[in-house]
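**Student:** Sequence and predicted structure are below.
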Amino acid sequence: MTTDPDPQQVRRPATDFSTARLEAFSDGVFAIAITLLVLDLKVPEPDTLDGQSLAGALAHQWPAYFAYLVSFLVIGIIWINHHAMCALARRVDRRTLFTNLLLLLTVSVIPYPTRMLAAYLTARNTDAHTAAAFYAATMVAMGAAFSLLFLAFTRDAQALHHPIPPAARRAAMRRFSVGGICYVATIALAYISPVAMLATHAALALYYCFDQLAPARRAS
């Protein structure tokens, strides 16, 4: 006895793929990137204390803790919002897969500017500003890649579980744009105060803790 095939499977284009593989691969990249951050937290060796107490040496490493916490929060929020975005679609095409790779490229590189910023955050020369600007520029690239991925996910109504009205799509993009403008502004802030720049990124991560995809989710 034969059964009729799933209509969705019949209509599914040969060039489209399930979101499950995309999410599984992305989760692996997120996990590796967020784990690499902790490798920059060093234990002060006894022969490097130079008469300083261990407590003092640990306190002296506060830039590394600050940079670690902010970048951990950033990557964690990207992972949460990435899952929320994947939940909107039932399938993806090659263009979306490549756009997702662009986002993963920016995420996987975050430990590098984090390490640089932790090392130079309190430097008393222009190196601190350079490290801070590099960190901010990385976040600008990440924010742009995430916005492009949202557009790639939502451009084809047939790929979604439920079509998203244009007004809801624009509302979600406006929410992303607010953060994107702030990301760009932090590059200038990096040349004024690297510490303030890092604190601003912490605030932006908290902003993205709120569901910026809510308009699209409610519409769908």
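**Tutor:** Done, it's in.
**Student:** Could you tell me the end-to-end distance of stretch 51-69?
**Tutor:** Here the two ends of stretch 51-69 are set 29 Å apart, with distance taken as C-alpha to C-alpha, to the nearest Å.
**Student:** what is the mean pLDDT for it?
**Tutor:** Mean pLDDT, stretch 51-69: 90.
**Student:** contacting residues around that stretch?
**Tutor:** 37-38, 40-42, 44, 48-49, 114-115, 117-119, 121-122, 195, 198, 202 (C-beta atoms under 8 Å, 6 or more residues apart in numbering). In this view, the C-beta of every residue, glycine as well, is placed from N, C-alpha and C.
**Student:** from the residues you listed, which ones fall inside helices?
**Tutor:** Residues of the contacts of stretch 51-69 located in helices (DSSP state H): 114-115, 117-119, 195, 198, 202.
**Student:** Could you work out the most separated pair of the residues you listed?
**Tutor:** Greatest spacing in the ones in helices among the contacts of stretch 51-69, by C-beta to C-beta: 119 and 202 (18.8 Å).
**Student:** What's the ChimeraX syntax to select whichever of the contacts of stretch 51-69 are buried?
**Tutor:** To isolate the buried members of the contacts of stretch 51-69 in ChimeraX, using 16 or more other C-beta atoms under 10 Å:
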select :37,40,44,114,115,117,118,119,121,198
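**Student:** Is there a neighbour count for residue 47? I'd like the number.
**Tutor:** Counted with other C-beta atoms under 10 Å, the neighbours of residue 47 add up to 6.
**Student:** From residue 62, how far off is it?
**Tutor:** Here residue 47 is placed at a distance of 22 Å from residue 62 (C-beta to C-beta, to the nearest Å).
**Student:** just to revisit the earlier point, quick one: which of the ones in helices among the contacts of stretch 51-69 is nearest to residue 154?
**Tutor:** Checking the ones in helices among the contacts of stretch 51-69 against residue 154 by C-beta to C-beta gives residue 202 as the nearest, at 28.6 Å.
**Student:** what's the burial count for the residue lying closest to that closest one once chain neighbours are set aside?
**Tutor:** Leaving aside its chain neighbours, residue 202 sits nearest to residue 70 (4.7 Å; criterion: C-beta to C-beta, 6 or more residues apart in numbering). Using other C-beta under 10 Å, residue 70 is surrounded by 23 other residues.
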